[in-house]
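Colleague: Structure of the sequence below:
(chains A, B, C and D)
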Protein chains: 4
Amino acid sequence: MGDTFGHLFRVTTFGESHGPALGGIIDGCPPGVALSAEQIQSELDRRRPGQSRHTTPRKEGDVVELLSGVFDGRTLGTAIGLLIRNEDVDSSKYDDLKDLYRPSHADFTTEARYGVRDWRGGGRASARETAVRVAVGAVARRVLESAWPDFRCVGWVDRLGPVDAAVDPESVTTEAVDASEVRCPDVAASERMVTHLDGVRRARDTAGGVVACVARGVPPGLGDPVFDKLEAELARAMLSIPAARGFEIGSGFDGTRLTGSQHNDAFVLKGGRVGTDTNRSGGVQGGISNGEAIVTRVAFKAVATHFLPQRTVTTDGREVTFQAKGRHDPCVLPRAVPIVEAMTCLVLADHWLRLRAIASGHGSGVR
Amino acid sequence: MGDTFGHLFRVTTFGESHGPALGGIIDGCPPGVALSAEQIQSELDRRRPGQSRHTTPRKEGDVVELLSGVFDGRTLGTAIGLLIRNEDVDSSKYDDLKDLYRPSHADFTTEARYGVRDWRGGGRASARETAVRVAVGAVARRVLESAWPDFRCVGWVDRLGPVDAAVDPESVTTEAVDASEVRCPDVAASERMVTHLDGVRRARDTAGGVVACVARGVPPGLGDPVFDKLEAELARAMLSIPAARGFEIGSGFDGTRLTGSQHNDAFVLKGGRVGTDTNRSGGVQGGISNGEAIVTRVAFKAVATHFLPQRTVTTDGREVTFQAKGRHDPCVLPRAVPIVEAMTCLVLADHWLRLRAIASGHGSGVR
Amino acid sequence: MGDTFGHLFRVTTFGESHGPALGGIIDGCPPGVALSAEQIQSELDRRRPGQSRHTTPRKEGDVVELLSGVFDGRTLGTAIGLLIRNEDVDSSKYDDLKDLYRPSHADFTTEARYGVRDWRGGGRASARETAVRVAVGAVARRVLESAWPDFRCVGWVDRLGPVDAAVDPESVTTEAVDASEVRCPDVAASERMVTHLDGVRRARDTAGGVVACVARGVPPGLGDPVFDKLEAELARAMLSIPAARGFEIGSGFDGTRLTGSQHNDAFVLKGGRVGTDTNRSGGVQGGISNGEAIVTRVAFKAVATHFLPQRTVTTDGREVTFQAKGRHDPCVLPRAVPIVEAMTCLVLADHWLRLRAIASGHGSGVR
Amino acid sequence: MGDTFGHLFRVTTFGESHGPALGGIIDGCPPGVALSAEQIQSELDRRRPGQSRHTTPRKEGDVVELLSGVFDGRTLGTAIGLLIRNEDVDSSKYDDLKDLYRPSHADFTTEARYGVRDWRGGGRASARETAVRVAVGAVARRVLESAWPDFRCVGWVDRLGPVDAAVDPESVTTEAVDASEVRCPDVAASERMVTHLDGVRRARDTAGGVVACVARGVPPGLGDPVFDKLEAELARAMLSIPAARGFEIGSGFDGTRLTGSQHNDAFVLKGGRVGTDTNRSGGVQGGISNGEAIVTRVAFKAVATHFLPQRTVTTDGREVTFQAKGRHDPCVLPRAVPIVEAMTCLVLADHWLRLRAIASGHGSGVR
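Modeller: Residues are numbered from 1 along each chain as shown, chains lettered A, B, ... in the order given. Below you'll find the model as predicted:
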């Protein structure tokens, strides 16, 4: 059941890195939403490999086919099927991976779980599966945009290796993000990130970092107060992305050093509606959105495949030295931005439907 | 559906802070596991208020009743019903909370979601609901202990306000944790935490911090490789705890500054089995446990109810100053430790059953 | 997970026949619905044993406690906890059942599944669990009545042993049903049923039959077009009732003998709305309600516990003769009526929320 | 969420009748099961249209593509993606259906639910979606065959219009079923069915009937004792098939006329194992399989599209006469046989995994 995400806006995906295709189904998309394959494609293009020297040279057109659920340019309310063929599959470089476990990859654990694995390109554990996340996330984004006129979901690289950025979540735009080749809208930080990344790549090594994401224009009332708190669902969404190691909302780990009087967000009137003067809560209180910007951060470890020698163990139990070959991103952060946005939109779309199911005209202004 | 957690070891809970009772149902507990109400009670006693001057003086016996699913001292495989009566309910102090929104509490968002709220003691949003989490987590722990002889799940306070501890996850014990009145097994740090907490309480303020948790003796193979990665499920579990603001596994946020060659865990042979020489992965690779210790950290913001004046807004839209009354913990961290352990056990029990469902004698040694 | 029913209006139940209590949780009840324990109790009283000589003399007050989710007489939107204590438990008559399998009971299959069973009164497999179904169904009924002003859900005994009734689903009322001691509103048939039942009881035997149920005032649009067709969900609901062996909607099995031109329901205008002139579809077309009366029938086999000698096998593999003792209904049909109604209301409440989640003001008049 | 079926062996499907493709994903298939596209194709060929004069002349190769989840001829344990392109799509005959509601079809209810519909060939409501059911059911069948050596699942036409067959569920074979052009292994009844069907087709009308199905070689212990009783899950599965109107297990509706002493199945020893001497229970007692043959029956109403004039209503509210055109089966029964088998296999595969998750070596012989 681990290939399914969401309760009402529910996506299920499939696909190995070197198999014939990837794809997904959205079960529960509301009817009547304007949707085209081009809209999905434009999000996919942001994740596509080969956009710059910082990403893998694997050339995937990542062309999405929209197979069902849309008629006359609008969603039908029925299941939406999506397909992305794998094109530039070159499994030859993986032949010698069949018999060993790459460090900090899923080779060993996949075999421990299933007793078998597709060793070509990481199989199902490859980050290639995230293409489908971006595709289904594009549909979720369309649903939310059609429901909430002011909705914007913008992610950016907030740290790359040791380089931190300073970005205002209230005003950051996709345009500013995509203007940076590492998707960092802080221009000075972006330049330092590029310099750092060039150094890492020359050293045949890889880098990690942090992606931040803001969702603005989300109405209050989203999130279920116990196990399905909005931040809990976001945390699950983010930690399900390959290489994610941490999640924060609002003040996060740093905020734990503050006292209650330093941390609390005072309620104030904002042009007639109730708002907060600060946003250390990150837009969620008691697991439910409060109408302020939802601000999250996701930690990504450095890419596991670097090109320096590593110690490891073979499937028949010998300790050996491993030297990676093949095509790999030195840093996934820039391409992780649309993935983080996609997962954010999936969570919000699901919880918007969940709110609609129980909301009964009580004046919260959410419908 | 937000009151349900887990797919196969599935718990559903209910209960408002000042209602007649809290309770829960475990649907899917395997049969034949030795279980008594006393075992559940002993975990509950670790969470109970009134254990020291650092916790709320509310006096709750938190006596658990085991209503079904157990016969002759063993689980039947049928649903296990648990009940905890609320005893020391004093709603009078909450009367003036009816008409305003406490800052950084769930009052406003609950009303935005439901159009109605039980304003007595926070209602369903009160951290009192975590008593049931600890009770059902105790059952999960029993299931895991009966399945894995070396299983240990130990949480501790790793930071309190500005005070950080240094604890070895490979060797920390529950005894060492519970010997500290703030549940920090680093004795020197524990003393500084107590000092800090006394200062905060005298200042009528509150503190936050970080709880860390280790699960040792977990076999490899737990976790689903895409959306239900083990760390994703743990992240959701932890962020669903009231006041949680962040989650890390293994190297977490700090690890993002490392390069791939610095971060990777080399595979080595450990007495016949495959292990890693370091554990920056935190026991999970590709979303699946690898047999090493599973190490996580959860950030908790300071308790929202401090006793200094605060600005807020009334339900009829006036800006006012609010002064809290009632009984509240100055810091939830020590009591959060058994909650974090409980949520960890729930995730592991669920995924252990999920692994059993598909595992087919392939030699991973997990059955 | 088998103790949970529904996706959005989701109930989970627990309880063995001779354990301390039965209970349930409703997760997902919409907020703002007027609800009291008395309303639930009045439905429970219709199912309660000891109502006439045709039902078991076991005396259960079946007093329901409402433990959460309701405040000031209205639902909060949070989980609703319900508890029913077992009172008149007499396990002594079951002592000699410990070591054999009662024919056509769940003794053998429970042991095959779990390796263990609570042999007292049938344990979890006892029809006593249906008390909780009736309690949660009463809440679902309240939700639907508050949403749909013309909603009525009425069940009745349509066959008892060989005696068939003739009842008009468009006009039958609960008052007419409850006026019959066997809950058959066809007065002549009711008398023949009573006569038949008296004969069966004197012969120390038991009887089966058919319960029919109609839901009127249901708007069009409920049901999901593929796996969760409304009739599929109703079928699952009904076949989950102990002793149920069959389900029909509309024309059912008899209708299979008709040709398409004989069977189709012509669409006609009914005072401005689209309706059908006949209702062989039973109110559901393509898995979705069409606004006509939803008419279903459920087959119940005769009660397995009769008082004639039976051949069976012991747990240690000897063939023996078994003679039942204890307190048992000679016929469950009259008491099954509120259970069938409850399950119908649960399905409709769940699907009403599911419709609300996706419906977007398209004029179907369902919100 | 209505496009998903199953909890652990979980399938999700998509596809409109006249869209580009149909498809599905199996999430949760165990690893290590031998599986090829050919095995799936051979089941699909049994459902394919155009097999005889009794089925629609629509020519669909129904070629299935296996897109993921299989490597080196064995399942990986990861999601299995399946795709079937629509080939012989001719929407022109449906142009005049855009503006009216075909009687006893889903046109009206689809619009009531979604406010929009794909009027070409019935869209998602077309029985064409059952092609994917047969494909995923073929995988389930493979899983069960690899687990249970004696497993056989055989369906047949047990009634066609007024013609009833007499078939022994203990001995019927697929070969005998497929030797009949109407899939009725009772040779004399098969001939009368063919005669009846020819008459119906000449009268431009359509026929309904009953499909029966037996699953032999199923171990005891499958099924959850409360809401997810095995017969409840089977009932839901069957009533989700287009045109299904009723479901029975074992003695079904006719059995309700029997007394308890007539109906009960005595337990006897069968070569060392516990069995029953009769099988009125249909292989399930208390919701759990007992090791005997699981025998079910499904009622199908006559095909709604006949070629006689019918009264109906237009989308703009005028009463008109409708005359169907296009390509339609006069009777779905023969093609429904592999669908009923597929749904049976899906339920059994799901419950087998559910049993494995909780079973703990207690000697029931199910693993």
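Colleague: three-state assignment of the closest residue to A:Arg141 other than its chain neighbours?
Modeller: Counting by CB to CB, 6 or more residues apart in numbering or on different chains, the nearest residue to A:Arg141 once its immediate chain neighbours are dropped is A:Cys345, at 4.5 Å. Where you see a C-beta, it was placed from the backbone N, CA and C, and this is true even at glycine. Following DSSP: H, G, I helix; E, B strand; the rest coil, we place A:Cys345 in the helix state.
Colleague: Would you agree A:Cys345 is in contact with A:Gly137?
Modeller: Yes: counting by CB atoms under 8 Å, A:Cys345 does reach A:Gly137; the two are 4.8 Å apart.
Colleague: so how far is chain C from the residue nearest to A:Arg141?
Modeller: 17 Å (CB to the nearest CB, to the nearest Å).
Colleague: A:Ala188 now?
Modeller: 45 Å.
Colleague: neighbours of that residue, just the number please.
Modeller: A count of neighbours around A:Ala188, defined by other CB atoms under 10 Å in any protein chain shown, yields 11.
Colleague: ok, now how distant is it from A:Pro334?
Modeller: 17 Å (CB to CB, to the nearest Å).
Colleague: same check, this time on A:Val268
Modeller: 37 Å.
Colleague: Mind checking which of these two has more residues around it?
Modeller: A:Pro334 (28 against 14).
Colleague: Quick one: distance of the helix or strand harbouring that one to the chain centre.
Modeller: Assigned by DSSP states H and E, A:Pro334 belongs to helix A:333-358. Put simply, helix A:333-358 sits 9 Å off its chain's centre (CA atoms, centre = their mean, to the nearest Å).
Colleague: so what does that helix touch, helix or strand wise?
Modeller: helix A:37-47, helix A:130-147, strand A:152-160, strand A:209-216, helix A:230-239, strand A:294-300, helix C:333-358 (3 or more CB pairs under 8 Å, 6 or more residues apart in numbering or on different chains; DSSP states H and E).
Colleague: the inter-axis angle of the longest one versus helix C:230-239?
Modeller: Computed by axes from the mean of the first three to the mean of the last three CA atoms, to 10 degrees, the angle separating helix C:333-358 from helix C:230-239 equals 140 degrees.
Colleague: Tell me the residue in chain A that is farthest from the middle.
Modeller: A:Arg318 (36.6 Å; CA atoms, centre = their mean).
Colleague: can you pull the pLDDT of that one?
Modeller: Here, the pLDDT recorded for A:Arg318 equals 94.
Colleague: For it, list the residues it contacts.
Modeller: The contact partners of A:Arg318, by CB atoms under 8 Å, 6 or more residues apart in numbering or on different chains, come to none.
Colleague: got the residues of chain A near chain C?
Modeller: Listed as neighbours of chain C in chain A under the rule CB under 8 Å from any CB of the partner chain: A:7-8, A:28, A:30-32, A:77-79, A:225-226, A:353-354, A:356-358, A:360, A:362.
Colleague: which among those end up buried?
Modeller: A:7-8, A:28, A:30-32, A:77-79, A:225-226, A:353-354, A:356-358, A:360, A:362 (16 or more other CB atoms under 10 Å in any protein chain shown).
Colleague: need the residues of the stretch 51-200 of chain A near chain D, please.
Modeller: Residues of the stretch 51-200 of chain A lying near chain D (CB under 8 Å from any CB): A:65, A:67-69, A:71, A:74, A:76-81, A:83, A:113-118, A:123-124.
Colleague: Determine how far stretch A:169-181 lies from the middle of the whole chain.
Modeller: For stretch A:169-181, the distance to the chain centre is 16 Å (CA atoms, centre = their mean).
Colleague: CA atoms of it as PDB?
Modeller: Output of stretch A:169-181 as PDB, limited to C-alpha atoms (Å, rounded to 0.1, in the frame of the first residue of the first chain):
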ATOM      1  CA  PRO A 169       8.500  33.500   2.400                       C
ATOM      2  CA  GLU A 170       5.800  36.200   2.200                       C
ATOM      3  CA  SER A 171       7.100  37.600  -1.100                       C
ATOM      4  CA  VAL A 172       9.200  35.000  -2.900                       C
ATOM      5  CA  THR A 173       8.100  34.100  -6.400                       C
ATOM      6  CA  THR A 174       8.600  31.200  -8.700                       C
ATOM      7  CA  GLU A 175      10.100  33.600 -11.300                       C
ATOM      8  CA  ALA A 176      12.800  34.600  -8.800                       C
ATOM      9  CA  VAL A 177      13.500  31.000  -7.900                       C
ATOM     10  CA  ASP A 178      13.700  29.800 -11.500                       C
ATOM     11  CA  ALA A 179      16.000  32.700 -12.500                       C
ATOM     12  CA  SER A 180      18.700  31.000 -10.400                       C
ATOM     13  CA  GLU A 181      20.400  28.000 -11.900                       C
END
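Colleague: Show the average pLDDT along it.
Modeller: On average, stretch A:169-181 scores 97.
Colleague: Tell me, how many residues neighbour A:Asp178?
Modeller: A:Asp178: 16 neighbours (other CB under 10 Å).
Colleague: what about the strands in the stretch 51-200 of chain A?
Modeller: A:64-66, A:70-71, A:74-75, A:80-85, A:152-160, A:163-164 (DSSP state E, counting those that start in this stretch).
Colleague: Fine, thanks again, bye for now.
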